[in-house]
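Undergrad: build me a model from this:
(one chain, ligands or ions: 2)
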Amino acid sequence: MRTTTGWRATGPDTVGRTQLTRRDLRPDDIAVRVDFCGVCHSDVHALRAHDDHAGSALVPGHEFTGVVTETGHDVTAFSVGDDVAVGNIVDSCGTCAMCAAGQENYCHSFPTLTYGGVDRVDGSTTLGAYSREYVVREGFAYALPAGLDPAAAAPLMCAGVTVWEPLRALRVGSDSRVAVVGLGGLGHLAVKMAVALGATTTVISRSEDKREDALRLGAHAFVDSTDDQRMTAARDTFDVVIDTVSAPHDLAPYLKTVAMDGTLSLVGYLGQVTIETTDLLLGRKKLSSSGSGGRPGTAEMLRFCADHGIVADIEVLASSEVNTALERLRRNDVRYRFVLDMSELG
Ligand code: NAP
Ligand code: ZN
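TA: Ligands and ions are numbered 1, 2, ... in the order given. This is a model prediction of the structure:
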């Protein structure tokens with residue numbers, strides 16, 4: 001075992017500094033010095049859901065960049081010193097139909113999550129990248145394309161790939177009309193990607209003070225979701241609506257904005273949702289959801305972002321400020337992703 005320093009759950013909203021262990025390298029593992037890790041709203045949800053008495057620690061963090069410090073005997077894709085990026089999935093069975101199709105994110109025996117997952121070899125609970133070191137199978141690490149700032153690229157690995165997946169699956173292109181609901185970590189990257197794919201892109205937000213930002217990010221229009229008149233005017237107008245809202249909410253107003261045969265794609269974790277059949281029926285609309293991306297899709301997303309100069313708009317904080325980041329994220333006080341700088345951890 002190797003030891004490193006990180007941040008583990010100390011309560012439903014907080015983390016505290018801790019020592020933690022990483023496994024010794026298996027033949028296809030790499031060790032990564034974590035330099036930057038994004039703070040995802042899923043980290044907020046995970047802290048809330050964590051049962052302190054469950055016996056295993058919770059160390060959040062599942063979108064990070066860093067440098068390879070050691071390689072296992074069989075590693076071929078990476079060398080010590082390489083810049084890498086890792087997202088929210090670190091293993092899968094590799095043999096089921098989903099894995100064979102390059103959709104490891106839907107692995108039939110569940111993909112191993114970067115934190116709070118179950119390691120497929122030793123059964124331990126995975127600990128996330130709010131820490132200085134991570135050990136990962138090489139197949140689930142990605143070369144960070146040259147030209148992408150390592151801090152601003154970290155959020156691509158969860159927030160980015162999570163919105164890339166529906167944009168690609170729903171074949172968004174220059175003839176698409178896309179709406180992004182919720183301008184946060186996922187939402188602002190969805191806007192940048194949809195715009196780069198050529199789509200006419202609208203932000204639907206309850207925060208009027210994000211209007212200017214939405215347009216600066218490339219959106220063609222901004223709709224205040226609290227303005228009933230504007231929402232009514234947007235009826236049946238979007239081929240794809242990507243809903244990134246982080247809290248339970250009524251889907252009806254957003255379904256109404258979906259065009260005939262269009263899709264409302266939910267990427268926020270909403271638990272159970274209720275819909276009126278007529279909101280789907282009137283216009284033959286579709287409701288969809290997805291989580292993360294597979295290995296080919298993640299690599300494609302990184303290439304696309306490098307080609308189009310897409311990274312997250314970030315506020316970098318020293319990792320000792322992690323509780324401030326979590327608290328501000330809960331208050332929607334983030335433009336548009338916090339990234340923790342892990343360097344002070346040694
Ligand atoms: P975030 O940065 O906090 O952004 C969420 C946005 O939703 C906010 O900026 C806000 O936008 C809007 N919002 C928040 N609370 C709302 C409410 N009560 N009513 C209406 N709008 C509200 O969060 P994020 O990191 O982008 O994550 C978004 C969601 O996706 C979370 O639930 C997260 O757990 C989930 N997620 C899913 C996956 C996946 O694989 N499917 C991956 C990562 C994250 P406005 O101010 O513009 O309204
Ligand atoms: Zn995430």
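
Undergrad: chain neighbours aside, what residue packs nearest to A57?
TA: Distance criterion CB to CB, 6 or more residues apart in numbering; nearest residue to A57, sequence neighbours excluded, is R8 at 4.7 Å. Heads up, the C-betas are built off the backbone N, CA and C, glycines and all.

Undergrad: for ligand 2, what is the nearest residue in the stretch 101-250 of the chain?
TA: At 3.2 Å from ligand 2, C158 is the closest residue in the stretch 101-250 of the chain, using CB to the ion.

Undergrad: nearest residue to that residue other than its sequence neighbours?
TA: The shortest distance from C158 to any residue other than its chain neighbours is 3.8 Å, reached at E63 (CB to CB, 6+ apart).

Undergrad: ok, now how distant is the one you found from A159?
TA: Applying CB to CB, to the nearest Å, the value for E63 to A159 is 7 Å.

Undergrad: which of those two has more residues huddled nearby?
TA: With neighbours defined as other CB atoms under 10 Å, E63 and A159 compare such that E63 has more, 32 against 29.

Undergrad: that one contacts G38, correct?
TA: Yes. With contact defined as CB atoms under 8 Å, E63 counts as touching G38 (4.1 Å).

Undergrad: point out the residues in the stretch 101-250 of the chain that sit beside ligand 1.
TA: Contact residues, the stretch 101-250 of the chain versus ligand 1 (CB under 6 Å from any ligand atom): 158-159, 162, 182-187, 205-207, 210, 244-247, 249.

Undergrad: just to revisit the earlier point, who touches both of E63 and A159?
TA: Here E63 and A159 share the contacting residues G38, C40, scored by CB atoms under 8 Å, 6 or more residues apart in numbering.

Undergrad: local confidence estimate at the closest residue to ligand 2 within the stretch 1-150 of the chain?
TA: Nearest to ligand 2, among the residues of the stretch 1-150 of the chain, is C40, at 2.9 Å (CB to the ion). Here, the pLDDT recorded for C40 equals 98.

Undergrad: give me the number of residues near the nearest residue to it once chain neighbours are set aside?
TA: Computed as CB to CB, 6+ apart, the closest residue to C40 that is not its neighbour in sequence is C158, at 5.2 Å. Residues near C158, counting by other CB under 10 Å, number 29.
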